[in-house]
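1. Provided below for reference: sequence and predicted model.
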Amino acid sequence: MKKINLAITGCMGRMGQQIIKSSKLDNNFKLVALTENKRINKKINGVKITLNTEQVLKKADLIIDFTAPQCTLQVLKIASKIRKRVVIGTTGFSKKNEVLIKKFSKQIPILKAGNMSLGINLLMYLTEIASNSLSKKYLSKINEVHHKHKKDYPSGTALMLGKGIAIGKNKNFYNLMGKKYLNKKNFPYSEKINFNSVRKGEVIGEHEVKFSSGKEIITLNHEAFDRALYSEGALSAAKWLMSKKPGLYSMRDLMNFIK
């Protein structure tokens, strides 16, 4: 099998570094481009770190992007022009950003996920099923824990799970979004979806969805112990995306869940 020429944006970030490590262990990939949003005079594995430019990204078959929303949109603008596939692990997009991503996906194949873990995507699927199966008497809330360096909250994964609840209820997620708490020990259930985000230590990721009727509580949860979980998921997404036509895909498409 021909190796996939891979570009990694945000290569000096936590996930960028982890994807570099995982790609070295996967014979399906050849690292051809590494980029950052500022000039860095450094090479990693013989590849010079550069800015995001058409000339640099042209070398790749596919781009993996774990950066920040504005950087991702810049990468998509270049990728759509030079017809390169993109796997997006960036979180924190606004509603307007999401519309732009959808627009770019009409020109190139894009796989976007708030979390690349296969387990988390299974959790979202189970969340949809639970939300759909339970009556209106059941209120819900989502708690997530991440390392102290994570800036955005709720996390992209927590928002994914919130969307899972909304899908199960056949309602618009943005209309169901409730309050967003930070570092609370306890927070209330609501007819809307309340979120609590805890930032502490070097926790890789813990997510919990709770449904309560007042007489019982149903809990769905996932804990991540190794960041390689996400980088390996991103590389699986990259391999899968190589055979796809333009469109906006998710990890559930890759995992082929029952619709």
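-> Yes, it's here. Numbers count the residues shown, from 1 in each chain.
2. contacting residues for the residue nearest to the spatial centre of the chain?
-> Centroid-nearest residue in the chain, with C-alpha atoms, centre = their mean: Gly114, separated by 2.3 Å. When contacts are counted by C-beta atoms under 8 Å, 6 or more residues apart in numbering, Gly114 is found next to 91, 155-157, 159-160. Glycine gets a C-beta too; all of them are placed from N, C-alpha and C.
3. Could you rerun that using 7 Å?
-> With contact taken as C-beta atoms under 7 Å, 6 or more residues apart in numbering, Gly114 is in contact with 91, 156-157, 159-160.
4. Would you mind checking which of these is nearest to Lys171?
-> Leu159 (15.0 Å; C-beta to C-beta).
5. can you tell me the helix or strand for the closest one?
-> helix 156-169 (DSSP states H and E).
6. just Lys30 next, same as before
-> Going by DSSP H and E, Lys30 is part of strand 29-35.
7. What strands line up against that strand, and which way round?
-> strand 4-9 (parallel), strand 47-50 (parallel) (DSSP bridges).
8. how close does Gly205 sit to Ile44?
-> In this view, Gly205 and Ile44 are 25 Å apart by C-beta to C-beta, to the nearest Å.
9. Please name the nearest non-neighbouring residue to Gly162.
-> Ile193 (4.9 Å; C-beta to C-beta, 6 or more residues apart in numbering).
10. For burial, what's the neighbour tally of the one you found?
-> Neighbours of Ile193 under the rule other C-beta atoms under 10 Å: 28.
11. just the strands in this protein please.
-> With DSSP state E as the criterion, the chain has strands at 4-9, 29-35, 43-44, 47-50, 62-65, 85-88, 109-112, 139-146, 177-182, 193-199, 205-212, 217-224, 247-249.
12. Output the ones you listed in TSV; the columns should cover mean pLDDT and distance to Ser23.
-> Output for these, formatted as TSV (pLDDT from 0 to 100; distance: least, C-beta to C-beta, whole Å):
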stretch	mean pLDDT	distance to Ser23
strand 4-9	98	6
strand 29-35	98	5
strand 43-44	94	11
strand 47-50	96	11
strand 62-65	98	9
strand 85-88	98	12
strand 109-112	98	16
strand 139-146	97	24
strand 177-182	97	34
strand 193-199	98	29
strand 205-212	97	21
strand 217-224	97	19
strand 247-249	97	20
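13. want to try CSV for those, with distance to Tyr230 as columns?
-> As requested, the strands of the chain are exported to CSV (distance: least, C-beta to C-beta, whole Å):
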stretch, distance to Tyr230
strand 4-9, 13
strand 29-35, 16
strand 43-44, 19
strand 47-50, 21
strand 62-65, 11
strand 85-88, 11
strand 109-112, 14
strand 139-146, 12
strand 177-182, 23
strand 193-199, 18
strand 205-212, 8
strand 217-224, 8
strand 247-249, 17
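14. Would you tell me which of these gets closest to Ile129?
-> strand 217-224 (9.7 Å).
15. And that closest one, what does it pack against?
-> helix 118-133, strand 205-212 (3 or more C-beta pairs under 7 Å, 6 or more residues apart in numbering; DSSP states H and E).
16. Let's have the ones you listed in JSON lines, adding distance to Lys103 and mean neighbour count.
-> Shown next, in JSON lines, are those (distance: least, C-beta to C-beta, whole Å; neighbours: other C-beta atoms under 10 Å):
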{"stretch": "helix 118-133", "distance to Lys103": "24", "mean neighbour count": "19"}
{"stretch": "strand 205-212", "distance to Lys103": "30", "mean neighbour count": "20"}
